[in-house]
Each structure stands twice: as C-alpha cells, then as structure tokens.
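**Q** Predicted model and sequence below, questions to follow.
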Amino acid sequence: MAQPIGGAVARPLSAGAIALMLVCCFSWGFNQIAVKLVLPEIPPFLQAAIRSSVGMVVLLIIAWARGVKLFQRDGTLKAGLFAGLLFGLEFVLIYRGLMLTTATRGVVFLYTAPFIVALGSYHFLGERLSALQWSGLALSFAGVALAIGVPQADVDASVLLGDLMLVGGGALWGATTLIVKASRLQKAPAEKGLAYQIAVSIPLLFGAALISGESIGKMPSPGALTLMAYQSIWVVGLTFLLWFSLVKTYSASKLSAFSFITPLFGVVAGYVIMHDPLTPAFGFAALLVIAGLYLVNRPAKAA
C-alpha cells in the first residue's frame, strides 16, 4: 500500500478548512439553481463552456497578481493535461446526463463521488478510514438521498442512462481529485493545477455544444448575464481554486465527504428562490448528513 502523503490522513479538518468548505458547498448548491435559471436563454453546454472561458480569465488575473508562474516547466504537464481531460469530460457527462434524468436523481448519483475518493485514497494515497468513518460516509449519503426524496416511479432506459452518466461524472470528479493529490500537481500552485483543468475543458465543452447543435438566439438578459458572472467569476474562478488549495493540504477523503452538504444547500436555495417543495424529512436528513460528516472527520490512525 502507498504511504500516506503529507501527513494529511490522521489530521482532522481545521475549523478554517471546514468554514471554507461550507462556503464552497453553499456556492455550488446555489450554482445549480443559477444554471436552471439561465437555461431558457443559454443552453447547458454553452453555459459550461462560457463559464470555463471567463473563469480562465479570472484565474489568469489571480495568478498574475500573486506572481504565480503558470507556464514554467515543473514536470506537471502530463498529470495536468490528464486531470483537465477528466475535468472536461466530467461536465460533459453531468450536463448530458441531466438532459435524460431528473435533477433530483442526478444529485444523488453525482454525490457517489466521495465514495470514489475514499476508495481511491485507500488504494493510491495510503489514506485509511476507520469503520466508524465509513459508517459516517454512508450516513451522509443516506441523508442526501432522503433530503432529495423518493425518485420517480416511471424510470425507463433513457433515465437509467442519464443516471449512469451522473455516476460517471461523479467518478471523474473523484478521479480528478485523486490525480491532483497523487501527482506532481500536489506540489504545484493551486492556480496552475486548476488552470490545466479549465483550459482543457474549454474546447471539450465548446465541442459538445457544437455536436449538440446548441446556440444562443439573442442577447441574454441582464439577469442571465449576472448569473453567468456568478458561475464564472465566483464558482469557477474562486471556489474551485479554494477547493484545489484545500485538496493539496488535507485528507482527500474527508474533504470530499463535505461535498454531501452541497445538495442540501441546493434544495434550500430551490425552496427559497424557485419555490420548490421541501420534503417533510428534510430536517432529519440534514441531521444525518451533519452526523455523518462528524464521524468522517474523527481522527483515524494512518494506514
């Protein structure tokens, strides 16, 4: 088994790291609502391609301001391009899958990603979760499924294909996290690791939009442009940078487990903004997620 990297296995997340993860999860949860609100004016693949393009500009400005040399040779090219390929394909699968299945089913299947990270971390990074921490991971996933509600009964082959695509998107999300943690990207600036991913995703997403025949009929409204700015500048340019900075420092398994909070924020945002109904069991489900995260973040002995 691989040796633990950077001593991050046994160390619980600090209060600061938890606070930053809550900011990221809240932002990602609202981002799902932003995507839905913009869909009538900008189709999904074009949304993703535009947000990556603008996010790349924001990232270049941040790197320049902080003096980060993105184009200096440091042996990260192969890992960076591979991570970028997975990152781009992840969003292709997610957006295409959501065209076939429902958003509620999609959220549940996408958030199998923490299990992928936990298994990969065990085999490739030397991170080991205790039986109690594995129970916490399962408890959080159960809480997400309960919060979303019971899936619809009329499931056909098309819906199942969409579900499978979302599982694939979650797996690629987990794989990208593991590559950053296990490769030379671990020692590279977070801006560089994210730059690889965004840069490679741009042609992939524009290609998907072209193949799907997507186009923008007229100039989007100010509201749509504001939401696109939120997705591009804040979510891609800043919260993704926060995420990859945290991945370089803390246990990948424990960080990934915190993403279970994202769909809870998404459900609340949908209730407040779009007046989507909350399931009666939502409060209990939220407690399950929080309890599960507490168990996952309990100190464990290194492998």
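**A** Done, it's in. Residues are numbered from 1 along each chain as shown.
**Q** How about Phe260: what's its closest non-neighbour residue?
**A** Leaving aside its chain neighbours, Phe260 sits nearest to Ser140 (4.2 Å; criterion: CB to CB, 6 or more residues apart in numbering). Glycine gets a C-beta too; all of them are placed from N, C-alpha and C.
**Q** show me what contacts the one you found?
**A** 114, 257, 260, 288-289, 292-293, 296 (CB atoms under 8 Å, 6 or more residues apart in numbering).
**Q** repeat for Leu89
**A** Applying CB under 8 Å, 6+ apart to Leu89 gives the contacts 172, 204.
**Q** For Glu214, see how far away it is.
**A** From Leu89 across to Glu214, the span is 17 Å (CB to CB, to the nearest Å).
**Q** again, but for Glu127
**A** Using CB to CB, Glu127 is found at 40 Å from Glu214.
**Q** more neighbours, these two?
**A** Per other CB atoms under 10 Å, whichever of Glu127 and Glu214 has more neighbours is Glu127, with 26 against 16.
**Q** for that one, helix, strand, or coil?
**A** Of the three states, Glu127 takes coil under DSSP: H, G, I helix; E, B strand; the rest coil.
**Q** these two touch, right, it and Ser256?
**A** No: look at Glu127 against Ser256 with CB atoms under 8 Å: they stay out of range, at 10.7 Å.
**Q** tally of neighbours for Val58?
**A** By other CB under 10 Å, the residues close to Val58 number 18.
**Q** i'd like the first residue to be 57 from this point on
**A** That works, and once the first residue is 57, the last one we named lands at Val114.
**Q** In terms of helices and strands, where is it?
**A** In this assignment (DSSP states H and E), Val114 forms part of helix 100-122.
**Q** Enumerate the positions of that helix that are buried.
**A** For helix 100-122, the neighbour count (16 or more other CB atoms under 10 Å) marks 100-112, 114-116, 118-119 as buried.
**Q** rewinding a little: just the contacts of Ser196: which are in helices?
**A** The helices, defined by DSSP state H, take in 170, 313, 344-345, 348-349, 352 from the contacts of Ser196.
**Q** ok so, going back, assign a three-state SS to the residue nearest to Phe316, would you?
**A** Three-state call for Ser196 (three-state DSSP): helix.
**Q** Give me the pLDDT value at it.
**A** What the model reports for Ser196 is a pLDDT of 83.
**Q** What of the one 3 residues further on?
**A** Per-residue confidence at Gly199 stands at 80 (pLDDT).
**Q** Ok, Leu260 next?
**A** We have a pLDDT of 95 for Leu260.
**Q** Neighbours of the spatially closest residue to it that is not a sequence neighbour, how many?
**A** Spatially, and ignoring its direct neighbours in sequence, Leu260 is nearest to Gly144 (3.5 Å; CB to CB, 6+ apart). Residues near Gly144, counting by other CB under 10 Å, number 26.
**Q** outside of the helix holding Val114, which residues touch it?
**A** Applying CB under 8 Å, 6+ apart, the contact partners of helix 100-122 are 91, 94-95, 98, 124, 126, 147-148, 151, 154-155, 245, 247-248, 250-251, 254-255, 257-258, 261-262, 264-265, 268, 270-272, 284-285, 287-289, 291-294, 296-297.
**Q** ok, of these, which come out buried?
**A** 91, 94, 98, 124, 126, 147-148, 151, 154, 245, 247-248, 250-251, 254-255, 257-258, 261-262, 264-265, 268, 270, 284, 287-288, 291-294, 296-297.
**Q** isn't Ser191 right up against Leu351?
**A** Yes: when contacts are counted by CB under 8 Å, Ser191 is listed as touching Leu351 (6.1 Å).
**Q** Compare these two (neighbour count), which wins?
**A** More neighbours surround Leu351 than the other of Ser191 and Leu351, with 19 against 15 (other CB under 10 Å).
**Q** Am I right that that one is in contact with Gly199?
**A** No: Leu351 is beyond contact range of Gly199, at 11.8 Å (criterion: CB under 8 Å).
**Q** mind checking how far the most centrally placed residue in the chain is from Val324?
**A** Nearest to the geometric centre of the chain sits Trp229, at 6.3 Å (CA atoms, centre = their mean). Noted for Trp229: a distance of 22 Å to Val324, by CB to CB.
**Q** Next: Arg129.
**A** Arg129 is 46 Å from Val324, where distance means CB to CB.
**Q** do Phe314 as well
**A** With the distance defined as CB to CB, Phe314 ends up 16 Å from Val324.
**Q** ok, these two, which is more surrounded?
**A** With neighbours defined as other CB under 10 Å, Phe314 and Val324 compare such that Phe314 has more, 24 against 19.
**Q** what's the helix or strand for the residue lying closest to Leu344 once chain neighbours are set aside?
**A** Nearest residue to Leu344, sequence neighbours excluded (CB to CB, 6+ apart): Gly199, at 3.2 Å. Remark: Gly199 resides in helix 187-204, with elements defined by DSSP H and E.
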